[in-house]
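Q: got a predicted model here, sequence first, then my questions.
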Amino acid sequence: MNDTRAKILFVNEEQHVLKSLQQLLSNEQWDCVFVKTATEGLNYLNLNNIDIVVSDINLTEVSCLEFINDVHHKHPSVVRICLTNTPKAEKTLQSLACGKIQQIIPNPWNDQEFKDIIRSALRQIKQQKNHSIEFQKLINSVPLLPMLPKSYANIRACKTNDEIDITKMVTVISQDAAMSAILLHWANSALFGQRFHVDSIKKAIIVLGTDIVETLILSESINSAINVKLPEIKGFCFTDFKRHSMATAIISRLLVKSLLPTDFIQHDRAFIAGLLHDIGKLVAANFFSSQFEQSIALTQQDDINLIDAERKIFKTDHTELGGYIAEWWGLPPFIVNAIRWAHQPHLTPIDHDIIAATHVASQLSIIFDYGCKNNKCLPGITTEYHEKFCLNEEANEILQEETRQIILTLVQ
């Protein structure tokens, strides 16, 4: 086998299925191994490095769920996929929900969908290798990462190279009343300096710019998807989270505008970075709710900040989780870095002004009472950043009032 190629183990007792899989994958640049029983599969795993296991649901010698559970505990970095003719069976769904099975492929399968699932899993594996073993184990304890929200993908599809189909973008957005209302609210806010009333989606796109429109849609799509299934977590309020993100976006843009008055691209990037900087908290709350709740409790118990508490409880933190999923979705590097380093801006390799502004804006939004009420957050703003953004009591009061006025217009 070629050590640089992806390695996939298929376990299936039906010879004709194994033969079909061999034919399907014969032209792919993957090293595929085919065995009939769970025992053979575990023996192979004990002696060889494997990236993905694809097991049939109907194993008899050892049940598929027992086999997958063994793989989960003994080889946690291996991605576990189940091939099943009963994708909605209760046991299958339970195993998928708790992360033992990370993905299911229906049998009979669609050839292209089958390959796409494998490619998606391999991309996740490749990305994981940039992180610690503990992080890889954690990510592999949940189902495969969610794909890019469909509404955001539809908006991105309106852009081809450097050309933007505004008419198509207007059509896509207009189909979603809630999203249309959000864009119109932002476009009419004082933050974007609009003197005249914006009363159409097309005008809103022109006022906001397509990058901010994309980001607002991404943010709202994530918030909507997460909020539907978000478990109750003591110390975490979704409404406070949204207010904190909004306030951070507003303040971040105002800070960069004061630092770089004529650099309009950086103004927009600062807004985008501020709006998305804490999405890792949603990842933690959704996929690791128990550990996240324990982390919040630990901030009170040990009087430590949330990031330190998270690292004590589950060996990573919401900034690493958020940066990881932002990379997974292919978001621009400045967004990935803002999410990853917003609380440690001195570590960012690029976009120092934007990440510093996001960091300071997040702290100011807490000082201004937007979010983070029930857990201790990071230390205050350093002297370096006070000087960089010319912050003093008067400047803070002005920022606070501007932020208050803008948020008032958005929540009406």
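A: Alright, I've got the coordinates.
Q: alpha carbons only for contacts and neighbour counts from here, please
A: Noted.
Q: residues contacting the closest residue to Phe114 other than its chain neighbours?
A: With CA to CA, 6 or more residues apart in numbering as the criterion, Phe114 has its nearest non-adjacent residue at 6.8 Å, and that residue is Ile105. For Ile105, the contact set (CA atoms under 8 Å, 6 or more residues apart in numbering) comprises 81-84, 87, 114.
Q: Ser55 - that's part of a helix, no?
A: No - counting by DSSP: H, G, I helix; E, B strand; the rest coil, Ser55 is located in no helix; its state is strand.
Q: for it, which residues count as its bridge partners?
A: Here Ser55 sits in beta bridges with Val11, Cys82, going by DSSP bridges.
Q: contact partners for it?
A: By CA under 8 Å, 6+ apart, the contact set of Ser55 is 10-12, 64, 68, 80-83.
Q: just those residues now: which is nearest Ile296?
A: Ranked by distance to Ile296 (CA to CA), the contacts of Ser55 are led by Arg80 at 30.6 Å.
Q: burial of that closest one, as a residue count?
A: Counted with other CA atoms under 10 Å, the neighbours of Arg80 add up to 29.
Q: buried sites along the helix or strand hosting it?
A: Using DSSP states H and E, Arg80 maps to strand 79-84. Buried residues in strand 79-84, counted by 16 or more other CA atoms under 10 Å: 79-84.
Q: and those residues as JSON lines, adding pLDDT and distance to Tyr324?
A: JSON lines is the format used below for these (pLDDT from 0 to 100; distance: CA to CA, whole Å):
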{"residue": "Val79", "pLDDT": "89", "distance to Tyr324": "17"}
{"residue": "Arg80", "pLDDT": "91", "distance to Tyr324": "20"}
{"residue": "Ile81", "pLDDT": "92", "distance to Tyr324": "21"}
{"residue": "Cys82", "pLDDT": "90", "distance to Tyr324": "25"}
{"residue": "Leu83", "pLDDT": "91", "distance to Tyr324": "27"}
{"residue": "Thr84", "pLDDT": "86", "distance to Tyr324": "29"}
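Q: and those as TSV, adding distance to Ile139?
A: TSV is the format used below for those (distance: CA to CA, whole Å):
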residue	distance to Ile139
Val79	10
Arg80	12
Ile81	15
Cys82	18
Leu83	21
Thr84	23
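Q: buried set for whichever helix or strand Leu9 is part of?
A: In the assignment (DSSP H and E), Leu9 maps to strand 6-11. The neighbour-count check on strand 6-11 (16+ other CA under 10 Å) flags 6-11 as buried.
Q: which non-adjacent residue is nearest Phe334?
A: Asp351 (6.3 Å).
Q: number of nearby residues for the one you found?
A: Neighbours of Asp351 under the rule other CA under 10 Å: 17.
Q: list the buried ones in the strand or helix carrying Ile407?
A: Taking DSSP H and E as the criterion, Ile407 maps to helix 393-411. When burial is assessed from 16+ other CA under 10 Å, helix 393-411 yields the following buried residues: 399-400, 402-403, 406-407, 410.
Q: and the residues you listed, which two are the farthest apart?
A: Across these, the longest distance by CA to CA is 16.6 Å; it joins Leu399 and Leu410.
Q: for the helix ranked longest in the chain, enumerate the helices and strands it packs against.
A: If you go by DSSP state H, the chain has its longest helix at helix 238-259. Identification of packing neighbours for helix 238-259 by 3 or more CA pairs under 8 Å, 6 or more residues apart in numbering; DSSP states H and E yields helix 264-276, helix 352-367, helix 393-411.
Q: now the ones you listed as JSON lines including distance to Asn305 and mean pLDDT?
A: Formatted as JSON lines, those follow (distance: least, CA to CA, whole Å; pLDDT from 0 to 100):
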{"stretch": "helix 264-276", "distance to Asn305": "20", "mean pLDDT": "94"}
{"stretch": "helix 352-367", "distance to Asn305": "13", "mean pLDDT": "95"}
{"stretch": "helix 393-411", "distance to Asn305": "23", "mean pLDDT": "90"}
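Q: can you list contacts of the helix holding Ile407?
A: With CA under 8 Å, 6+ apart as the test, helix 393-411 has contacts from 182, 185-186, 189-191, 246-247, 250-251, 254, 368.
Q: does Arg156 touch Glu214 like I think?
A: Yes - taking contacts as CA atoms under 8 Å, Arg156 lies within contact range of Glu214: 7.3 Å.
Q: who has more neighbours, those two?
A: Higher neighbour count among Arg156 and Glu214: Glu214, with 20 against 15, using other CA under 10 Å.
Q: any idea which element that one lies in?
A: helix 210-229.
Q: mind listing what's buried in that helix?
A: Buried, per 16+ other CA under 10 Å, within helix 210-229: 210, 212-223, 226.
Q: do the same with stretch 182-198
A: Neighbour-count burial for stretch 182-198 flags 182-189, 191, 198 (criterion: 16+ other CA under 10 Å).
Q: just the C-alpha atoms of that stretch, please, in PDB.
A: Output of stretch 182-198 as PDB, limited to C-alpha atoms (Å, rounded to 0.1, in the frame of the first residue of the first chain):
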ATOM      1  CA  ILE A 182     -32.700  41.200   8.800                       C
ATOM      2  CA  LEU A 183     -30.800  42.700   5.700                       C
ATOM      3  CA  LEU A 184     -33.200  45.600   5.600                       C
ATOM      4  CA  HIS A 185     -32.700  46.300   9.300                       C
ATOM      5  CA  TRP A 186     -28.900  46.300   9.000                       C
ATOM      6  CA  ALA A 187     -29.000  48.400   5.800                       C
ATOM      7  CA  ASN A 188     -31.100  51.100   7.500                       C
ATOM      8  CA  SER A 189     -28.900  51.200  10.600                       C
ATOM      9  CA  ALA A 190     -26.700  54.100  11.300                       C
ATOM     10  CA  LEU A 191     -23.700  51.800  11.200                       C
ATOM     11  CA  PHE A 192     -23.600  51.900   7.400                       C
ATOM     12  CA  GLY A 193     -24.200  55.700   7.200                       C
ATOM     13  CA  GLN A 194     -27.400  55.500   5.200                       C
ATOM     14  CA  ARG A 195     -29.300  58.800   5.000                       C
ATOM     15  CA  PHE A 196     -32.200  57.600   3.000                       C
ATOM     16  CA  HIS A 197     -34.600  54.700   3.700                       C
ATOM     17  CA  VAL A 198     -33.600  51.400   2.200                       C
END
